[in-house]
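1. just coords:
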């Protein structure tokens with residue numbers, strides 16, 4: 001029984017350490033090829049930025065993945 005308890009505790013520790021989400025905090029890169037930055041300005045993106053919709057890649061933990069309106073990589077994106 002002791003072995004099973006130690007095994008379960010080690011598995012729990014592994015899940016807690018390495019099983020966290022890939023969400024990133026505000027100010028860090030996010031989205032496809034890390035083109036965007038995580039922002040949360042009054043429930044949206046900072047002025048001069050647009051939200052990256054359907055961005056595959058890292059998502060933000062408490063905000064939105066946003067890109068500058070002037071960024072040429074954002075051509076064709078909403």
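-> It's in. Remember, predicted model here, so these are calculated numbers, not experimental data. Numbers count the residues shown, from 1 in each chain.
2. ranges for the strands of the chain?
-> 29-30, 36-39, 49-51, 64-68 (DSSP state E).
3. can you list those strands in JSON lines and add distance to residue 6, mean neighbour count and mean pLDDT?
-> Where C-beta positions appear, they are placed from N, C-alpha and C, glycine not excepted. Output for these, formatted as JSON lines (distance: least, Cβ to Cβ, whole Å; neighbours: other Cβ atoms under 10 Å; pLDDT from 0 to 100):
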{"stretch": "strand 29-30", "distance to residue 6": "38", "mean neighbour count": "20", "mean pLDDT": "87"}
{"stretch": "strand 36-39", "distance to residue 6": "38", "mean neighbour count": "24", "mean pLDDT": "90"}
{"stretch": "strand 49-51", "distance to residue 6": "46", "mean neighbour count": "18", "mean pLDDT": "90"}
{"stretch": "strand 64-68", "distance to residue 6": "41", "mean neighbour count": "23", "mean pLDDT": "90"}
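4. any chance of the ones you listed in CSV, with distance to residue 5 too?
-> CSV is the format used below for those (distance: least, Cβ to Cβ, whole Å):
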stretch, distance to residue 5
strand 29-30, 39
strand 36-39, 39
strand 49-51, 47
strand 64-68, 42
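5. okay, residue 71 and residue 64: tell me how far apart.
-> From residue 71 over to residue 64 the distance is 15 Å, taken as Cβ to Cβ, to the nearest Å.
6. so in terms of bridging, what pairs with the residue nearest to residue 44 when sequence neighbours are not counted?
-> Spatial nearest neighbour of residue 44, excluding adjacent residues (Cβ to Cβ, 6 or more residues apart in numbering): residue 64 at 6.2 Å. Beta bridges link residue 64 to residue 39, judged by DSSP bridges.
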